[in-house]
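> All I have is the shape, not the residue letters:
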């Protein structure tokens, strides 16, 4: 039997490809009842992915995804964050210059870094700098930490604004880990405008750019677009929520590796 999630992905893909998803046609194609497809469309409507019209559905406009309070983001989806963080941390090699942005998901990377030597970390997050300092003191890692200065965002605890973006422009990185509020086939986006210009600088100056995105951020959009999927060599996410087939295809076309870690 086809699972609800698979049916809903199919409906969404039909709506994207054809502009309209017919309830009767899909029910016949998937060999399920019309009422089942109606229920699936209702579920998709709750997320603003489609809009009901007579006889079927058309694409909806995804709601702008907002960021929760920073402390709530740190505590939410911890299993996913740690699984993603461990996989991302494994990409760091001895002698690397590593950029870590200020995202809550990227903080999990810092928590998972161990057994690397002579690594230079470029950070603009007070919290991430603190995690790395503790690891240096314990002898778990060696190298140095460069903190990018600027106006301090007292709520989210990172340096921001033109001064921070200008300062980070003086560096080049072997690898940069970048977070987002949302990622879709159209754009990688953030709700925090101050983070966007900083993230662009990291992408422009990194040999390898890695996007960190929990699965609940995929196939969604937020207010400020700062990159495209093709700007990243790798996207690391978790397997709690299934990305759409269209999103996977977009990654394939962009030659961006999509790594889904088990939770």
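On my side now, so go ahead. Because the structure is predicted, anything quoted here is derived from the model rather than measured.
> ok, the residue positioned nearest the centre of the chain - contacts?
Computing the C-alpha centroid of the chain and ranking residues by Cα atoms, centre = their mean puts residue 213 first, at 2.2 Å. When contacts are counted by Cβ atoms under 8 Å, 6 or more residues apart in numbering, residue 213 touches 105, 179, 180, 183, 235, 236, 237. For the C-beta atoms, the positions are set from N, CA and C on the backbone; glycine is no exception.
> Please give the number of neighbouring residues around the first one.
Going back to what we said before, that points to residue 105. Neighbours of residue 105 under the rule other Cβ atoms under 10 Å: 27.
> Could you pull up the residues touching it?
Residue 105 neighbours (Cβ under 8 Å, 6+ apart): 81, 84, 85, 179, 212, 213, 214.
> In the residues you listed, which has the lowest confidence score?
Of all the contacts of residue 105, residue 81 carries the smallest pLDDT score, 87.
> Now that residue 32 has come up, it's in contact with residue 2, right?
Yes: applying Cβ atoms under 8 Å as the test, residue 32 and residue 2 come out as touching, 7.0 Å apart.
> Those two: which is more packed in?
More neighbours surround residue 32 than the other of residue 32 and residue 2, with 17 against 11 (other Cβ under 10 Å).
> if I pick that one, what's in contact with it?
So residue 32 contacts 2, 7 (Cβ under 8 Å, 6+ apart).
> With adjacent residues omitted, what lies nearest to residue 159?
residue 150 (3.7 Å; Cβ to Cβ, 6 or more residues apart in numbering).
> so the one you found makes contact with residue 194?
No: checked against Cβ under 8 Å, the pair residue 150 and residue 194 is beyond contact range at 9.3 Å.
> Show me where the stretch 151-263 of the chain has its strands.
151-153, 158-160, 173-179, 182-183, 188-190, 206-212, 224-227, 234-238, 257-261 (DSSP state E, counting those that start in this stretch).
> what's the second one in contact with?
The reference is to strand 158-160. Taking Cβ under 8 Å, 6+ apart as the rule, strand 158-160 contacts 102, 124-126, 147-153, 194-195, 198.
> In contact with residue 211, which residues are there?
Counted by Cβ under 8 Å, 6+ apart, residue 211 has contacts 178, 179, 180, 183, 188, 227, 229, 232, 234, 235, 236.
> which helix in this protein runs the most residues?
helix 4-18 (DSSP state H).
> tell me how far the next helix or strand after that one is from the chain's mean position?
Per DSSP states H and E, the first helix or strand lying C-terminal to helix 4-18 is strand 21-22. When C-alpha coordinates are averaged (Cα atoms, centre = their mean, to the nearest Å), strand 21-22 and its chain have centres 30 Å apart.
> next one: stretch 237-255
12 Å.
> buried set for that stretch?
Under the neighbour-count criterion of 16 or more other Cβ atoms under 10 Å, stretch 237-255 has 237, 238, 242, 243, 244, 247, 250, 251, 254 buried.
> Could you do stretch 48-57 as well?
49, 50, 56, 57.
> The residue nearest to the last one when sequence neighbours are not counted pairs with what?
Here the nearest residue to residue 57 in space, its sequence neighbours aside, is residue 50; by Cβ to Cβ, 6+ apart that works out to 4.1 Å. Beta-bridge pairing of residue 50 under DSSP bridges involves residue 59.
> returning to what we had before: ok now do the residue nearest to residue 159, which residues does it touch?
124, 159, 160, 161, 162, 163, 164, 165, 167.
> Now for these: which two are most distant?
Across those, the longest distance by Cβ to Cβ is 13.1 Å; it joins 124 and 162.
> more crowded one of these two?
In this view residue 124 and residue 162 are compared by other Cβ under 10 Å, and residue 124 has more residues nearby, 28 against 11.
> so that one sits right up against residue 101, yeah?
Yes: judged on Cβ under 8 Å, residue 124 makes contact with residue 101 at a distance of 7.0 Å.
> Cool, thanks, talk later.
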